[in-house]
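Trainee: model this:
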Amino acid sequence: GGSIRQPASFCGVVGVKPAYGMVSRYGLVAFASSLDQIGPLCKTAADAALVLDVICGGDPHDMTSDPTLAQPCTVREARDLSGLTVGLPRECFGEGLDQQVCAAVEAAAEALHRLGMQVREVSIPSLPYALPAYYVISSAEASSNLARFDGVRYGYRAHAYADLDELYRKSRQEGFGMEVKRRIMLGTFALSSGYQDQYYLKALKARELLRYEAAEALKGCAALLSPVAPTPAYRLGEKTGDPMKMYLGDIYTVPANITGLPAVSLPCGRSSEGLPIGMSLMGARDSLPLLMDVAVAYERAARVNEGLHPYDAVEEEAQASARHMKWSSAWKRMWSCARGARCSAPARTYSARSPTRMYAPCAWACRGRCRCSTPRCCAMRPWPAWRWAAMCTTAAASTARITSIPTCPRRIRSASSTARCARGER
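Mentor: Down below sits the predicted model:
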């Protein structure tokens, strides 16, 4: 009900929940069989499209997989999206939505309008019933699926027990967390005799009504734009003491799970505290490639994901460190040549106006007169000819071709050692 899109929204990355059946669930620990779906979390929408192309498709081990949904999602070229209609469900912009989140999503709608898309308001009247229907259905299916974790065939097994009943009881008591136990108890109650018709069957009817209304809303729209969460990211453990408040955070993500439709979460701004805010794009069952096109176009136009990731600075620092190590190694080899190491670099001619790169650093240190036979200082990376000229104290003033490299600075190499190197001596 948002385990992909909400973390993506809180962390400023892209999360994709594919349509039900697009990605195989084989190997996944089942929580709610009719709602579970696997999807990627990536830095950009283009990266998520690449991952989806790999993981989607039919699977003989999963009877719920649908091979017809395996369409390529990779965005290979800019697509003209002008004329598409994006709907804003009015039920998603009411009471309980943080003002900063509302402003960020509305700004994203304006950005889509500038890209040539039409933005209009739509209505899904039964949307407020999605959250209670989701928790009844998911808890009922979880209580059934998690019954297999008994300490004998699956999952954790208690170490100390007297008989089989105590093994079952202790294994489930020690292996399940508080939230899992809460879901199992709620689902068992919803499926119990006398309450199944009152809760579970009504939730199934609400799901079918939501599917119908979402399909009606998407008849005139290519996608539905809404917030991912009603608030920006909250502190770790802040809402664990109030389960109802925590469950309300899924109010904008569960409709895609209830209806089985694809949805994409991507960053659309920041809060006053600098925390990422996400928006959601939901479309028809086979419209995920179109949703990825819209997401990529929005990212390129709004450039909202720049600076949101702290590891960008780490990557830049690593690249700068690699460049520093490269030039440090080059200087060490050049100093080795300046101290009298033998070299096999002949004098060469370079154009001052061309990007020709010099592969003989000792030609600068030895003024191009070195004719040694031992290649001890020439195994370095190429440098541009203009860099060598800039490092010297003088340069060829008015010629278009550098026929000889100027004399080395006196602090690097003395005249006597230069002469010895020119004669082939150390």
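Trainee: going forward, measure contacts between C-alpha atoms and count neighbours the same way
Mentor: Will do.
Trainee: got any ranges where the stretch 151-300 of the chain has weak pLDDT?
Mentor: Scanning the stretch 151-300 of the chain for pLDDT under 70 picks out no residues.
Trainee: which stretches of it form strands?
Mentor: Along the stretch 151-300 of the chain, the stretches classed as strands by DSSP state E, counting those that start in this stretch are 223-227, 263-270, 276-282.
Trainee: Pro40 is nearest to which of the ones you listed?
Mentor: Comparing those against Pro40 with C-alpha to C-alpha, the closest turns out to be strand 263-270 (10.1 Å).
Trainee: before we move on, back to that, please name whichever of the strands of the stretch 151-300 of the chain is nearest to Asn145.
Mentor: When those are compared (using C-alpha to C-alpha), the closest one is strand 263-270, at 25.3 Å.
Trainee: Return the list of strands paired to that closest one, each annotated with direction.
Mentor: Take DSSP bridges as the rule and strand 263-270 pairs in its sheet with strand 14-17 (antiparallel), strand 276-282 (antiparallel).
Trainee: Among those strands, which comes closest to Leu115?
Mentor: Of those, nearest to Leu115 by C-alpha to C-alpha is strand 276-282, at 15.7 Å.
Trainee: chain center to the closest one, what's the gap?
Mentor: Once both centres are worked out by C-alpha atoms, centre = their mean, to the nearest Å, strand 276-282 turns out to sit 14 Å from its chain's centre.
Trainee: Give me every residue in contact with stretch 206-213, excluding its own residues.
Mentor: By C-alpha atoms under 8 Å, 6 or more residues apart in numbering, the surrounding residues in contact with stretch 206-213 are Ile124, Pro125, Ser126, Leu127, Tyr129, Ala130, Ala133, Pro255, Ile258, Thr259.
Trainee: Among those residues, name the buried ones.
Mentor: Among these, those scoring as buried are Ile124, Ser126, Leu127, Tyr129, Ala130, Ala133, Pro255, Ile258, Thr259 (criterion: 16 or more other C-alpha atoms under 10 Å).
Trainee: what's the most distant pair in those?
Mentor: The largest separation in the buried ones among the contacts of stretch 206-213, counting by C-alpha to C-alpha, is between Ile124 and Ala133 at 15.1 Å.
Trainee: Helices of the chain, start to end?
Mentor: Taking DSSP state H, the helices of the chain run over residues 5-11, 45-55, 99-114, 130-145, 164-175, 178-190, 201-218, 243-247, 254-259, 288-302, 311-338, 362-365, 385-391, 415-422.
Trainee: Just send those helices back as CSV, with distance to Asp80 too.
Mentor: Shown next, in CSV, are these (distance: least, C-alpha to C-alpha, whole Å):
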stretch, distance to Asp80
helix 5-11, 26
helix 45-55, 16
helix 99-114, 12
helix 130-145, 34
helix 164-175, 52
helix 178-190, 46
helix 201-218, 20
helix 243-247, 39
helix 254-259, 26
helix 288-302, 9
helix 311-338, 30
helix 362-365, 55
helix 385-391, 45
helix 415-422, 65
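Trainee: For these, state which one has the densest average packing.
Mentor: helix 362-365 (a mean of 26; mean count of other C-alpha atoms under 10 Å).
Trainee: Let's see stretch 149-157 as PDB, backbone CA atoms only.
Mentor: What follows is stretch 149-157 as a C-alpha-only set of coordinates in PDB (Å, rounded to 0.1, in the frame of the first residue of the first chain):
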ATOM      1  CA  PHE A 149       5.200 -19.500   9.600                       C
ATOM      2  CA  ASP A 150       4.800 -22.000  12.400                       C
ATOM      3  CA  GLY A 151       8.500 -22.800  13.200                       C
ATOM      4  CA  VAL A 152       8.400 -26.200  11.500                       C
ATOM      5  CA  ARG A 153       8.300 -25.500   7.800                       C
ATOM      6  CA  TYR A 154       9.000 -21.800   7.400                       C
ATOM      7  CA  GLY A 155      10.600 -18.900   9.200                       C
ATOM      8  CA  TYR A 156      12.000 -18.500  12.700                       C
ATOM      9  CA  ARG A 157      12.000 -21.400  15.200                       C
END
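Trainee: So which of the buried ones among the contacts of stretch 206-213 is the closest to Leu218?
Mentor: Among those, Ile124 lies closest to Leu218 (C-alpha to C-alpha), at 10.2 Å.
Trainee: re the thing from before, nearest to Ser272, of the helices of the chain?
Mentor: With C-alpha to C-alpha as the criterion, Ser272 lies closest to helix 99-114 of the helices of the chain, at 7.9 Å.
Trainee: related to what we said a few turns ago, got the strands paired with strand 263-270 as TSV, with mean neighbour count and distance to Ala142 columns?
Mentor: Formatted as TSV, the strands paired with strand 263-270 follow (neighbours: other C-alpha atoms under 10 Å; distance: least, C-alpha to C-alpha, whole Å):
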stretch	mean neighbour count	distance to Ala142
strand 14-17	29	20
strand 276-282	28	25
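Trainee: nearest to Ala233, of those?
Mentor: For these, the distance to Ala233 is smallest for strand 276-282, at 7.5 Å, taking C-alpha to C-alpha.
Trainee: Other residues contacting that closest one?
Mentor: Residues contacting strand 276-282 (C-alpha under 8 Å, 6+ apart): 8-12, 101, 104-105, 223-229, 232-233, 256, 261-271, 291, 308.
Trainee: at 7 Å what do you get?
Mentor: Residues outside strand 276-282 that contact it (C-alpha atoms under 7 Å, 6 or more residues apart in numbering) are 9-12, 101, 105, 223-228, 232, 261-271, 291.
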